[in-house]
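A.B. asks: missing the sequence, but the structure's below:
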């Protein structure tokens, strides 16, 4: 009776389609009464019937597009223990993939495996592809790892996904795993792993892959061959790339494009054009990418004729309307200096994008037509073409070169408004623009607000400070750069050396030299030339000469640097010898070289030699003298006291004399006391530069030296009326990496008491040696005793006294002064050098004086 009652209950449950409780109840009954064998057949029959009905319902629901309901039904079947057949899983899986329901597809795929079904490899590959396309690499890898079997497609898809996601290292690891499986890598797998090696620059790893390629006989495959070439190109091994290229029997567009673009990218424009010539002898025709690369090569070589031939070929092949090619042609003409041709082509383009406009803007900038660049940028805005950060950097450069600060500020606002201020190129361009516009505070503010900076950012800031005369600030920025971990380049070091040169800080300069050696830039000629100049301007001519001698082969810049160094130190004869050596080595001098050479003759009183070299410039070297060279000759005549010849030379100049030319003659008038000529010259100078402080001071000093105090007073009153102020004389000395600055009668230094005590002892000693103060340089109408007090407390004497109490005995003392050293200090320093038995090197506004054993290197000719 119990059996039949239970069976009725089971039938009721089955009619309600809740099969699992029914089966469980029936199974319990059968076991209790000993019918254990009978239940298995019944349950199997019921389960199969239920599976078929439920599976059919799931498939039908999928067909009707109701994926969510189908998934719910499938979930219920799994919860109720109803067996789901492979066909149902497959249908739901395909539907999930089709509707990009990837998490749900993952669940279905996992259930298939858990329930003992073996998914098709193609199904796993489909799910991997779907995840990769959606950007879910971790999910793709989980599916890949769960796959019962994998084929070539599985591995290729995964490797391509890693490379697409810039995770090339995982792609390389996968390839290593393939080699331990039965899967035979195909061309696509090899191409993928070669691409991964290329991205890391792993040429050795790529060559190991190449060994596998050779073993399986795929090296002759064009697809694989192109991948090998691409790997070598991206690893910078163009020689190996060319070898593979030459061995290839079948080359296609990709092959030729890879070789040509590779040569251009690696700065071998000549070889790129040669490969194009080879291509023209085949049935292959250049594509737009090839044309773009070879046009770039022409721009690099400034080969406008070759560029024109390519332009004609572009027209014949119908690529002229291609925007990519059109932009390359515009760039080629612009970089070759044919800005008119570039503009004509630009105006005729059927379509212009931001690259087209940027190419023209760069072209105008390179040709020095900065104003035209700004005008074109206005047209670009009118055409509603949105500039990118590169475009704005180009226009900011034009603003900087024109010192167009207001336009630069407007662009700054545009950059902020369009959210481009975080771009590194924009920050660097803004810093450079403000620096060139002499708005150094704004430059530093932009620099300080940059979230990311590089060597260009720091170098721009350093050079900005140097250009504005803030050399100490420039050096501080340089040391901040060092602390930040940014590695300087050769331009950075060149800028730092200029700062050291300007303020004569030898110890800091030596520290910079050590950093240059450590960074490996000592062999760079620009840096080496900077070191020569630095040592020279810091008063160490021996170090300058030693640095120059260490050059393997000097260029015109390094030869000019050492000739100028000799000129500054009064080594005129040595400068002439160096010029002769320069010619014998086949280095052609330029106009800057002759400025140094003529200055050397002027400082050493070599009048005839200077006149000879001036006349040889045009005759022997084809260099037309500029106004700077004429100023050197005026200085040459003036220093030697040939004032009439100097004035006659100016009057016969083919160029209009500028303030430098007249200033050289006025300085000579002051030295030689020619009042009348000095008055005429000052009148010419004041017409050119009515606000020039130096002209007023020189004229006042000329009058004062002749005792014409009223005239001198009138000039000084004129200065006062104009609001002009004389720059105070100051001298400085570097001791233990600190620069100490002094002005006349300065008592502000913390060691002032010791300084003046030393100075008093020195004055007593040199007076005992026969020194008589020279008060002629005191150009004020005061008592003689007051004049003597003034000259005895000049800034250079204070700097020397400080040097004596702050440096070890018998070491050189190096001081600098912003004005010309006076006769009294010159004579006094000669005697001091003899008494203290130390060399004293003084750099004034014109040259260096090496005082040693009571003598000066200038021979009292300065």
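C.D. replies: Structure received. For clarity, every value in this text was computed on a predicted model and none was experimentally measured.
A.B. asks: any idea how far apart the tips of stretch 97-108 sit?
C.D. replies: The first and final residues of stretch 97-108 sit 11 Å from each other (Cα to Cα, to the nearest Å).
A.B. asks: can I assume residue 301 is in contact with residue 271?
C.D. replies: No. The pair residue 301 / residue 271 is not scored as a contact, 11.3 Å apart, by Cβ atoms under 8 Å. C-beta here means a position set from N, CA and C on the backbone, and glycine is covered the same way.
A.B. asks: spatially central residue in this structure, please.
C.D. replies: residue 456 (3.9 Å; Cα atoms, centre = their mean).
A.B. asks: on the pLDDT front, check that residue for me.
C.D. replies: You'll see residue 456 listed with a pLDDT of 96.
A.B. asks: over to residue 4?
C.D. replies: 41.
A.B. asks: also residue 19?
C.D. replies: For residue 19, pLDDT reads 44.
A.B. asks: what are the buried residues along the helix or strand encompassing the residue nearest to the centre of the chain?
C.D. replies: Assessed by DSSP states H and E, residue 456 sits inside helix 455-467. Going by neighbour count (16 or more other Cβ atoms under 10 Å), the buried part of helix 455-467 is 456-466.
A.B. asks: pull the residues that contact the next helix or strand after that helix.
C.D. replies: Using DSSP H and E, the helix or strand that follows helix 455-467 in sequence is helix 471-484. Identification of contacts with helix 471-484 by Cβ atoms under 8 Å, 6 or more residues apart in numbering yields 453, 458, 461-463, 465-466, 488, 492, 495-496, 498-500, 502-503, 505, 508, 512, 515, 739.
A.B. asks: how does it look with 10 Å?
C.D. replies: Outside helix 471-484, the residues that touch it by Cβ atoms under 10 Å, 6 or more residues apart in numbering are 440, 444, 447, 453, 455, 457-459, 461-468, 470, 486-488, 492-493, 495-496, 498-505, 508-509, 511-512, 515, 739.
A.B. asks: tell me the secondary structure at residue 319.
C.D. replies: At residue 319 the chain is in coil, as set by DSSP: H, G, I helix; E, B strand; the rest coil.
A.B. asks: measure it to residue 274 for me?
C.D. replies: 21 Å (Cβ to Cβ, to the nearest Å).
A.B. asks: neighbour count: these two, which is higher?
C.D. replies: residue 319 (18 against 13; other Cβ atoms under 10 Å).
A.B. asks: was I right about that one contacting residue 313?
C.D. replies: Yes. Counting by Cβ atoms under 10 Å, residue 313 is a contact partner of residue 319 at 8.6 Å.
A.B. asks: overlap of the contact sets of those two?
C.D. replies: In contact with both residue 319 and residue 313: 286, 291, using Cβ under 10 Å, 6+ apart.
A.B. asks: tell me where the stretch 201-350 of the chain has helices.
C.D. replies: For the stretch 201-350 of the chain, the helices defined by DSSP state H, counting those that start in this stretch cover 203-216, 222-234, 238-247, 253-265, 269-280, 288-301, 304-316, 323-335, 339-348.
A.B. asks: could you export these as a markdown table, including distance to residue 717 and mean pLDDT?
C.D. replies: Output for those, formatted as a markdown table (distance: least, Cβ to Cβ, whole Å; pLDDT from 0 to 100):
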| stretch | distance to residue 717 | mean pLDDT |
| --- | --- | --- |
| helix 203-216 | 78 | 83 |
| helix 222-234 | 74 | 90 |
| helix 238-247 | 74 | 92 |
| helix 253-265 | 68 | 92 |
| helix 269-280 | 66 | 92 |
| helix 288-301 | 61 | 91 |
| helix 304-316 | 62 | 92 |
| helix 323-335 | 56 | 92 |
| helix 339-348 | 53 | 93 |
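A.B. asks: quick one: the ones you listed as CSV, columns for distance to residue 128 too.
C.D. replies: Converted to CSV, the helices of the stretch 201-350 of the chain look like this (distance: least, Cβ to Cβ, whole Å):
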stretch, distance to residue 128
helix 203-216, 23
helix 222-234, 22
helix 238-247, 32
helix 253-265, 26
helix 269-280, 39
helix 288-301, 31
helix 304-316, 43
helix 323-335, 34
helix 339-348, 48
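A.B. asks: out of these, which gets nearest to residue 662?
C.D. replies: helix 339-348 (37.6 Å; Cβ to Cβ).
A.B. asks: what comes into contact with that closest one?
C.D. replies: Outside helix 339-348, the residues touching it (Cβ under 10 Å, 6+ apart) are 304, 307-308, 311, 320, 326-327, 329-336, 338, 352, 356-357, 359-360, 362-364, 366-369, 372, 376.
A.B. asks: please repeat the previous calculation with a cut-off of 6 Å.
C.D. replies: Contacting residues not belonging to helix 339-348 are listed as 329-330, 333-334, 360, 363, 367 [Cβ atoms under 6 Å, 6 or more residues apart in numbering].
A.B. asks: out of those, who's nearest residue 412?
C.D. replies: residue 360 (22.4 Å).
A.B. asks: so the closest one is in which element?
C.D. replies: helix 354-366.
A.B. asks: buried residues, that helix. List them.
C.D. replies: 355-365.
A.B. asks: out of those, who's nearest residue 785?
C.D. replies: residue 365 (62.9 Å).
A.B. asks: run through the residues that contact that closest one.
C.D. replies: 373, 397-398.
A.B. asks: for this structure, give me the ranges with low pLDDT.
C.D. replies: 1-66, 68-69, 72-73, 78-81, 83-84, 86-87, 89, 116-119, 134, 779-782 (pLDDT under 70).
A.B. asks: hey, where'd the strands end up in it?
C.D. replies: 730-735, 738-743, 813-817, 840-843, 848-852, 855-856 (DSSP state E).
A.B. asks: between those, which one is nearest to residue 786?
C.D. replies: strand 738-743 (17.6 Å).
A.B. asks: tell me the angle of the closest one relative to helix 471-484?
C.D. replies: Interaxial angle, strand 738-743 versus helix 471-484 (axes from the mean of the first three to the mean of the last three Cα atoms, to 10 degrees): 170 degrees.
A.B. asks: got the angle between strand 738-743 and strand 730-735?
C.D. replies: Using the same axes, to 10 degrees: strand 738-743 against strand 730-735 is 160 degrees.
A.B. asks: what packs against strand 738-743?
C.D. replies: strand 730-735, helix 795-806 (3 or more Cβ pairs under 6 Å, 6 or more residues apart in numbering; DSSP states H and E).
A.B. asks: what's the most buried one of the strands of the chain?
C.D. replies: strand 813-817 (a mean of 25; mean count of other Cβ atoms under 10 Å).
A.B. asks: just checking: what are the partner strands of that strand?
C.D. replies: strand 730-735 (antiparallel), strand 840-843 (parallel) (DSSP bridges).
A.B. asks: and that strand, how far out from the chain middle?
C.D. replies: Chain-centre distance of strand 813-817: 35 Å, with Cα atoms, centre = their mean, to the nearest Å.
A.B. asks: name the residues that touch it?
C.D. replies: 504, 539, 731-733, 796, 799, 803, 838, 840-844.
A.B. asks: and those, which is closest to residue 169?
C.D. replies: Once Cβ to Cβ is applied, the member of the contacts of strand 813-817 that ends up nearest residue 169 is residue 504, at 52.5 Å.
A.B. asks: gap between the closest one and residue 110?
C.D. replies: Counting by Cβ to Cβ - residue 504 and residue 110 are separated by 77 Å.
A.B. asks: so which of these two has more stuff around it?
C.D. replies: residue 504 (25 against 14).
A.B. asks: state the distance from that one to residue 317.
C.D. replies: For residue 504, the distance to residue 317 - Cβ to Cβ - is 63 Å.
A.B. asks: same check on residue 822?
C.D. replies: 76 Å.
A.B. asks: who has more neighbours out of these two?
C.D. replies: Remark: of residue 822 and residue 317, residue 822 carries more neighbours, 19 against 15, as counted by other Cβ under 10 Å.
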